[in-house]
Each structure stands twice: as structure tokens, then as C-alpha cells.
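Peer 1: predicted model and sequence follow; I will ask about them next.
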Amino acid sequence: MRLTCPHCGDRDLREFTYKGDALALLRPDETANPQEWVDYVHNRDNPAGTTSELWYHGPCGSWLVAVRDTTTHVTHRTLSLAEAGK
């Protein structure tokens, strides 16, 4: 599998570290109720199909969001965190 770093271009997966679902970027507001925080910290879906994932590119130190199909491993696109809105 290959991912496209926003700074370095198309690279081998071994240069990246998977850091979880990109929903982590949507953390609740600090005034959110306790149940919203419990859901954010502990409850995750495990969907089959297209997901947004956080990846870290070690050689250049950049973070990216990969929109990827978990059933086929096809990466539809990658975005820098700035492009992803965070």
C-alpha cells in the first residue's frame, strides 16, 4: 500500500504510522456533557468501507488524513491536516 504525503509525494506505507480514526479530530467542545466525552474517548465504530484515518509521516514529520476503503485498501485521497480543516 502507498500513501501520498502532502509534502513528499507518493511514498511506501512503511514510512507512515497509523494513528487512528480521523474522527479524533472532531473532539467535543470543552463544555460538552460527560456522556459526549465518554463516547469520544471510548466508543468507536469499526466500519467496513470508506473511512478517514490519521497517519503520521515520520521522514518529514507531517500529519495527514487518508480517505481509505478498509475492505479493499484503496486510498481514495490524502489531505494535510490544514486541508482537512484542522
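Peer 2: Good, I have the coordinates.
Peer 1: make it CA atoms for all contacts and neighbour counts henceforth
Peer 2: Fine.
Peer 1: quick one, strands of the protein?
Peer 2: Taking DSSP state E to define them, one finds strands in the chain at 2-5, 9-12, 16-21, 50-57, 62-69, 75-80.
Peer 1: can you tell which of those is closest to Arg27?
Peer 2: In terms of CA to CA, the element of these nearest to Arg27 is strand 16-21, at 11.8 Å.
Peer 1: in CSV: the strands of the chain, plus mean pLDDT and mean neighbour count.
Peer 2: What follows is the strands of the chain, written out as CSV (pLDDT from 0 to 100; neighbours: other CA atoms under 10 Å):
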stretch, mean pLDDT, mean neighbour count
strand 2-5, 93, 20
strand 9-12, 95, 11
strand 16-21, 90, 15
strand 50-57, 94, 20
strand 62-69, 94, 21
strand 75-80, 93, 17
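Peer 1: of all those strands, which lies closest to Val41?
Peer 2: strand 16-21 (11.8 Å).
Peer 1: now that closest one - C-alpha only, PDB.
Peer 2: Below are the C-alpha coordinates for strand 16-21, written out as PDB (Å, rounded to 0.1, in the frame of the first residue of the first chain):
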ATOM      1  CA  PHE A  16       3.900   6.100   7.900                       C
ATOM      2  CA  THR A  17       2.400   5.300  11.300                       C
ATOM      3  CA  TYR A  18      -1.300   4.700  11.600                       C
ATOM      4  CA  LYS A  19      -2.700   6.900  14.400                       C
ATOM      5  CA  GLY A  20      -6.400   6.000  14.400                       C
ATOM      6  CA  ASP A  21      -9.700   7.200  13.000                       C
END
